[in-house]
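S.K.: The sequence and its predicted three-dimensional model are supplied below.
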Amino acid sequence: MTRKQKEHTFNIIITVFALVSAFFFVMPTVLTIANSFMTSAEISANYGAMFGNMTEDKKTFISDNVNLKFIPDKVTFDQYKGVLLKSPDYLLKFWNSVMLTVPITVFQVLLAIITSYGLSRYPNKIKSIIFFSYIILMLMPYQVTLVPNFLVAQKFNLIDSRWSVILPGIFSPFSIFLLTKVMKRIPVSYVEAAKLDGAGEIQILTKIYIPLCKGAIVSVVMLVFIDYWNMVEQPLILLKDTDMHPLSIFLSQINTGDIGLAFAVGVVYMIPTILMFLYGEDYLVEGITYSGGIKG
Amino acid sequence: MKKHRNPCGQLKEKIFSNICIVPSVIGVMIFFLVPFGIVIYYSLIKNPVSREFVGFENYHKLIKNAAFIKAAKNTAYFSLVSVPLALVLSLALAVMLERNIKGKSLFRTFFLSPLMVPTASVVLVWQVIFHNHGTLNQIIETFGGEGIDWIKSEHGQIIIICMFLWKNLGYNMILFMSALAGIPKDIIEVAELEGASRFYQFVHIKLRYLSPTILFVLILSLINSFKIFREVYLLTGDYPFDRLYMLQHFMNNTFNSIDYQKLSAAAVLFSGVMIVIIAVLLITENHFGKDIE
């Protein structure tokens, strides 16, 4: 075989590998979406065995086996109708998720834009110490940070209030880490040129820094949003009142009841993040690229 | 000349850039630093009422605590298996997509997509796959094997390792892809002219250049591996089976019993361990990455 032929066969093997892995990566998501169009009867027929305790008296499922199905027998929107019309609980929990995630994302990113600007302009020793401590803080797992968060929430009587989750979230340093790294790359000459044109510091921030960091800002918004949209640890400890829990926690309790709706609720819950992904994939990739590397 | 032009303006700008940092610093002080100081203090006293200083007694009790030992063991096992796997597999994906294959960007989208899917949305599918009478066991039984109840078994961690890899490989892959793209082309060309094999190029040249990224991916995956509680909680609820009892479960239980001393000692101990691990990784990378910088 010539070298070219060799390359060609090698590429085919790689493509097959890529296809197989791609299958595993999209399968859980695709299956959830596909199953959300099944009728409740079909769901309990296929998955009823998983929830044996609730169906014991009236055996609605056909076999003891749980059958994973890709394509529904009959496509219906019944599950979605059930979620939207019959079960206000899910909508309420969805709203809880929104009320926690949106303020955290908006304020964490706004604060990060200002702070990163401050950290990247006129660098000095104190600023590098602050940046370094933020990195250390960012690397601390919840098992460490939740204890101080809990003490503060208790001190200020915030337990069972959304603020107990929102406030530490706003001051979480991840966005500052990423945006500072991006802003440090902006050439000083841009700033000098703007200054000659009479721009003040605020104009430099709004007219130069923010537009140049647009991609990074969009990707930070996405990364922060998905992180908190997915949260489990903080509400479990800081919100004892389960009525305030976000849908990310509530979804796990669903299997005791309306299993027929579970897939549709799952799909509804992933819509915001999937839309973000479809809109901003390239920004996301750009942002992730910038996040690489601990040092400056 | 320039400096003399507008010294007042420059001073003002410097002050402005300092003011920008203040809100964040105050917030971090209030919500993280000062309370963490209190956590350290709590870990050294007998109880918040008597405030008697007891040295390392709380730590001593903690490391003798059976639940803590179990949680620490399970978490350590999970991290030790899943972090290297995440590193190797994401590098493999990145190398795979480095080649000129059709639909490259589509593959990138597929591999990255789990990052943006909430775990809670898809947890049912994972349950179906690993259920006692579920998909995986059906496949095993078709081939004449004997299925086990994965979630409740000794091998329960396999499920969460899969879920962890599924979610995190994409992010790491992007990091490796950009690092691979950043390797100077001329070095690879010279190596090729000299007749170096692909394998040699990869091990002796590319891995060298990738070492800062490898370090970062290691740290990142380690941090993410401590978030696996989410997956376990969504799979099994409050009371997981033995092998899935993680540090966060231990923390939750301690929160519920409001044992501040135990809680504080655990948080301080854990933060110390993290700092040591990160320092060791940084020093190692400095040692190996020096000659290419």
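M.R.: Structure received.
S.K.: in the stretch 151-296 of chain A, which segments are predicted with low confidence?
M.R.: Within the stretch 151-296 of chain A, the stretches with pLDDT under 70 are A:254-258, A:294-296.
S.K.: how about the helices in it?
M.R.: A:163-170, A:174-183, A:188-196, A:201-203, A:210-212, A:214-229, A:233-238, A:247-250, A:259-291 (DSSP state H, counting those that start in this stretch).
S.K.: does stretch A:170-177 come close to chain B?
M.R.: Yes. Stretch A:170-177 is in contact with chain B by C-beta under 8 Å from any C-beta of the partner chain, via A:170, A:171, A:173, A:176. (Each C-beta comes from the backbone N, C-alpha and C, glycine too.)
S.K.: For the last one, which non-adjacent residue is spatially closest?
M.R.: Spelled out, that is residue A:176. Using C-beta to C-beta, 6 or more residues apart in numbering or on different chains and skipping the chain neighbours, the partner closest in space to residue A:176 is residue A:112 (4.5 Å).
S.K.: which SSE is that neighbour in?
M.R.: With the criterion set as DSSP states H and E, the secondary-structure element containing residue A:112 is helix A:88-120.
S.K.: and what of residue A:73?
M.R.: Per DSSP H and E, residue A:73 falls between elements, in no helix or strand.
S.K.: The residue lying closest to it once chain neighbours are set aside and chain B: what is the separation?
M.R.: For residue A:73, ignoring the flanking residues on the chain, the nearest one in space by C-beta to C-beta, 6+ apart is residue A:42 at 5.8 Å. From residue A:42 over to chain B the distance is 14 Å, taken as C-beta to the nearest C-beta, to the nearest Å.
S.K.: show me what contacts residue 21?
M.R.: Defaulting to chain A. Under the criterion of C-beta atoms under 8 Å, 6 or more residues apart in numbering or on different chains, the neighbours of residue A:21 are B:93, B:111.
S.K.: that answer is for a different chain, and I need it for chain B
M.R.: By C-beta under 8 Å, 6+ apart, the contact set of residue B:21 is A:115, A:118, A:119, A:127, A:130.
S.K.: now swap in residue A:207 and tell me
M.R.: Neighbouring residues of residue A:207 by C-beta under 8 Å, 6+ apart: A:194, A:199.
S.K.: which non-adjacent residue is nearest residue A:11?
M.R.: What sits nearest to residue A:11 in space, not counting adjacent residues and going by C-beta to C-beta, 6+ apart, is residue B:101, at 5.5 Å.
S.K.: Can you report phi and psi for the one you found?
M.R.: Per-residue torsions, residue B:101: phi -110, psi 160 (degrees, to the nearest 10).
S.K.: could you redo the helices of the stretch 151-296 of chain A as JSON lines and give each row mean neighbour count?
M.R.: What follows is those, written out as JSON lines (neighbours: other C-beta atoms under 10 Å in any protein chain shown):
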{"stretch": "helix A:163-170", "mean neighbour count": "22"}
{"stretch": "helix A:174-183", "mean neighbour count": "24"}
{"stretch": "helix A:188-196", "mean neighbour count": "12"}
{"stretch": "helix A:201-203", "mean neighbour count": "15"}
{"stretch": "helix A:210-212", "mean neighbour count": "13"}
{"stretch": "helix A:214-229", "mean neighbour count": "22"}
{"stretch": "helix A:233-238", "mean neighbour count": "22"}
{"stretch": "helix A:247-250", "mean neighbour count": "24"}
{"stretch": "helix A:259-291", "mean neighbour count": "20"}
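S.K.: do you know which of these lies nearest residue B:40?
M.R.: Put simply, out of the helices of the stretch 151-296 of chain A the one that sits nearest residue B:40 is helix A:163-170, at 18.2 Å, with distance taken as C-beta to C-beta.
S.K.: Helix A:88-120 and the closest one, what's the angle between them?
M.R.: Put simply, helix A:163-170 runs at 40 degrees to helix A:88-120, going by axes from the mean of the first three to the mean of the last three C-alpha atoms, to 10 degrees.
S.K.: Return the list of helices and strands in contact with helix A:163-170.
M.R.: The contact analysis (3 or more C-beta pairs under 8 Å, 6 or more residues apart in numbering or on different chains; DSSP states H and E) places helix A:163-170 against helix A:88-120, helix A:142-155, helix A:233-238.
S.K.: For the closest residue to chain B within the stretch 101-250 of chain A, list the residues it contacts.
M.R.: In the stretch 101-250 of chain A, the residue that lies nearest chain B is residue A:118 (2.8 Å; C-beta to the nearest C-beta). With contact taken as C-beta under 8 Å, 6+ apart, residue A:118 is in contact with A:127, B:17, B:18, B:19, B:20, B:21.
S.K.: ChimeraX command to pick out the buried ones of these?
M.R.: Typed into ChimeraX, the line below selects the buried ones among the contacts of residue A:118, using 16 or more other C-beta atoms under 10 Å in any protein chain shown:
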select /A:127 /B:17,18,20,21
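S.K.: Which ones among the contacts of residue A:118 map onto helices?
M.R.: Counting by DSSP state H, the contacts of residue A:118 place A:127, B:17, B:18, B:19, B:20, B:21 in helices.
S.K.: From chain A, how far out is the fourth one?
M.R.: Right, residue B:19. Taking C-beta to the nearest C-beta as the measure, residue B:19 and chain A are separated by 7 Å.
S.K.: What does the pLDDT read for the spatially closest residue to that residue that is not a sequence neighbour?
M.R.: On the basis of C-beta to C-beta, 6+ apart, the spatially nearest residue to residue B:19 that is not a chain neighbour turns out to be residue A:118, at 7.2 Å. With respect to pLDDT, residue A:118 scores 94.
S.K.: Cheers, nothing more for now.
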